[in-house]
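> I would like to see how this sequence folds:
(one chain, ligands or ions: 2)
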Amino acid sequence: MSDTASDSAPLLPKDQAPFWAFGAGNMAGSMISCWLNNGLNPKDMLVIRPSGKPVAEGVKVVTSLPEDGSTPATLLLGVKPQMLPQIAPALAPYITEKTTLISILAGVELETLRHFFPKAKSIVRAMPNLPVALGKGVVALCTDKLTDEQRKCIEKLASTLGIFEWVNENQFDTATALAGCGPAFVYRFIDALAQAGQKLGLTADQALPMAIATVEGAASMAKQADITPAELADKVASPGGSTRKGMDVLDKDEALYQLMDATLEASFKQNRYMAEKAKETIAQ
Ligand SMILES: NC(=O)C1=CN([C@@H]2O[C@H](COP(=O)(O)OP(=O)(O)OC[C@H]3O[C@@H](n4cnc5c(N)ncnc54)[C@H](OP(=O)(O)O)[C@@H]3O)[C@@H](O)[C@H]2O)C=CC1
Ligand SMILES: O=C(O)[C@@H]1CCC=N1
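Ligands and ions are numbered 1, 2, ... in the order given. All right, here's what the predicted structure looks like:
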């Protein structure tokens, strides 16, 4: 895991601009706003989205691809995976031998992307998660080829969003399940913790902030600690105390571990399914 790029280079080197985003919804929009907050020049950015909804002050938003001969040096592909076959034919001519294509599409493999965008200089799969909006996200990365300069640029962009990890493509769907989907699982846990507190007498206004701060504090401590989360849990649970009684419920038949195994496996399988579906579209 890394949270620093190799040097103090600008967020987007001149030769990697213009930077276009094709789709700027929940995820691509969060990435763009984090980059803008960290020095990306809005003038280097062009957003293409059908709604034309503004993204940020100074960022040009258009509803269809420009017809003035311009092309991007870097393009962030941020549409839903199922849309790829529909949008790719119009977009492909803009992806040239000079373009770095960054795709955040869950479950769409490099080979499939290469099929739709054969000329791209490099294709990077990036799997961010929602806290990138705060610069506290996780970004899994893999690529088919990159020059050293492009790699530096990708790592700089990724480290601005949080921590990043290069993974093999055969690990990508697992990284997506753990980190891409992970915030949703943690939000569900926070909600369940708060609701359980309410059932035992706290009001919603009391329970939710307590549950959120407990998870935030525990995660910060786990990050800094020189012992594992499993050991930290045992530190909270003194023998004969109330934490142990609660942990006994989580640990009975490894209930929580089993639940997380099944949860990640279901997300992983859906990523595989989407990958196969996307591959079917190129076989047709
Ligand atoms: N949400 C998450 O936590 C994560 C999502 N992802 C990936 O991010 C991608 C987007 O997901 P998410 O942001 O949640 O989805 P959203 O629905 O929020 O965003 C989809 C975007 O696609 C745009 N769009 C739709 N049709 C077109 C078109 N024809 N041309 C150009 N843009 C178009 C939409 O435009 P408009 O805004 O104008 O409607 C919108 O900006 C997915 O591939 C997903 O796998 C990856 C990691 C985490
Ligand atoms: O659920 C989804 O499709 C995306 C992938 C990772 C997080 N959200």
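
> what does the protein have sitting close to ligand 2?
Ala106, Thr176, Gly180, Cys181 (Cβ under 6 Å from any ligand atom). Heads up, the C-betas are built off the backbone N, CA and C, glycines and all.

> Please convert those to a markdown table, extending it with neighbour count, distance to Met260 and secondary structure.
Below are these laid out as a markdown table (neighbours: other Cβ atoms under 10 Å; distance: Cβ to Cβ, whole Å; DSSP: H, G, I helix; E, B strand; the rest coil):
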| residue | neighbour count | distance to Met260 | secondary structure |
| --- | --- | --- | --- |
| Ala106 | 21 | 19 | coil |
| Thr176 | 24 | 15 | helix |
| Gly180 | 25 | 15 | helix |
| Cys181 | 20 | 12 | coil |
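
> now His115, nearest residue through space, not along the chain?
Ile282 (4.5 Å; Cβ to Cβ, 6 or more residues apart in numbering).

> next one: Leu146
Nearest to Leu146 is Ser122, by Cβ to Cβ, 6+ apart, at 4.9 Å.

> gap between the residue of the chain found nearest ligand 2 and Ala106?
Going by Cβ to the nearest ligand atom, ligand 2 is nearest to Gly180 of the chain, at 3.2 Å. Noted for Gly180: a distance of 6 Å to Ala106, by Cβ to Cβ, to the nearest Å.

> Can you pull the residues that touch both of these two?
Residues touching both Gly180 and Ala106 (Cβ atoms under 8 Å, 6 or more residues apart in numbering): Met127.

> tell me, which of the residues of the chain next to ligand 2 make contact with ligand 1?
Restricting these to contacts with ligand 1 (Cβ under 6 Å from any ligand atom) yields Ala106, Gly180.

> hey, where'd the helices end up in the stretch 51-200 of the chain?
All helices of the stretch 51-200 of the chain, identified by DSSP state H, counting those that start in this stretch, fall at 84-91, 110-116, 148-161, 169-175, 182-199.

> what about Thr96, neighbour count?
By other Cβ atoms under 10 Å, the residues close to Thr96 number 14.

> which of the residues in stretch 160-174 are buried?
By neighbour count with 16 or more other Cβ atoms under 10 Å, stretch 160-174 contains the buried residues Thr160, Leu161, Gly162, Phe164, Glu165, Trp166, Val167, Phe172, Asp173, Thr174.

> ugh, wrong one, I meant stretch 260-280
For stretch 260-280, using 16+ other Cβ under 10 Å, the buried residues are Thr263, Leu264, Ser267, Phe268, Gln270, Asn271, Met274, Ala275, Lys277, Ala278.

> check whether it contacts ligand 1.
No. Judged by Cβ under 6 Å from any ligand atom, stretch 260-280 stays clear of ligand 1, getting no closer than 8.1 Å.
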